[in-house]
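Participant: how would this look folded up:
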Amino acid sequence: MDHLRITSVLEEMDFERIYGFLSQSYWAKGVPEQTLHTAMQHSWCFAVLNEANETLAFARLVTDHATFAYLADVFVDPASRGQGISKYLVAHILAQPEVEGMRRIMLATADAHSLYAKYGFVPINQPEKLMQIHRPDIYLTIA
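Facilitator: Numbers count the residues shown, from 1 in each chain. This is a model prediction of the structure:
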């Protein structure tokens, strides 16, 4: 991964590439551009950049920076998959001193359980204690 670097500086990230992927993803399909912009402004974002400063991968933490974080919007550009970039990104995020001291870090995934299990993520114990308001089609109904 010597040819890659991870940044948390939003101005170094290719917003159009991030938006292009997320707006077509199964979890954020149709997200309005301004909604994603606001979400990124209020999250701790990470992007993997290559030597040409192209954004190859992205993730963001919704966090209080002390006790809790929700890992969201993790993706690797399809052309860059299979190179260990997702592992590099997740390991980097979890190694941040603030994150190491957090009591709870959560995420939701439909298909990457084996990736996250390598970093200690496990299914929710007592899921009946968790509640949610879930509006999966909200971006598709915004006019």
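Participant: where along this protein do the helices fall?
Facilitator: 15-22, 33-41, 85-94, 97-100, 113-117, 138-141 (DSSP state H).
Participant: Please give the centre-to-centre distance between the third one and its chain.
Facilitator: This means helix 85-94. Computed by CA atoms, centre = their mean, to the nearest Å, the chain-centroid distance of helix 85-94 equals 10 Å.
Participant: which residues sit against the helix or strand of the chain with the lowest mean pLDDT?
Facilitator: Every helix and strand of the chain was ranked by mean pLDDT, DSSP states H and E. The lowest is helix 138-141, at a mean of 82. Here helix 138-141 makes contact (CB atoms under 8 Å, 6 or more residues apart in numbering) with 28, 29, 30, 31, 32, 35. In this view, the C-beta of every residue, glycine as well, is placed from N, C-alpha and C.
Participant: quick one: which two of those are the most distant?
Facilitator: 29 and 35 (12.3 Å; CB to CB).
Participant: For those two, work out which one has more neighbours and name it.
Facilitator: Neighbours per residue (other CB atoms under 10 Å) separate residue 29 from residue 35, with residue 35 holding more: 16 against 13.
Participant: show me the contacts for that one.
Facilitator: residue 139.
Participant: avg pLDDT for stretch 23-31?
Facilitator: Summarised as a single mean, pLDDT over stretch 23-31 is 94.
Participant: now swap in stretch 57-67 and tell me
Facilitator: Here the average pLDDT along stretch 57-67 is 97.
Participant: who touches it?
Facilitator: Under CB under 8 Å, 6+ apart, the answer for stretch 57-67 is 13, 18, 21-22, 39-40, 42-48, 69-77, 80, 85-86, 89-90, 93, 98-99, 101-104.
Participant: and if you look at stretch 86-104?
Facilitator: Counting by CB under 8 Å, 6+ apart, 1, 4, 6, 46, 48, 57, 59, 61, 63, 65-69, 71, 74, 76, 105, 112, 115-116, 118-120 sit against stretch 86-104.
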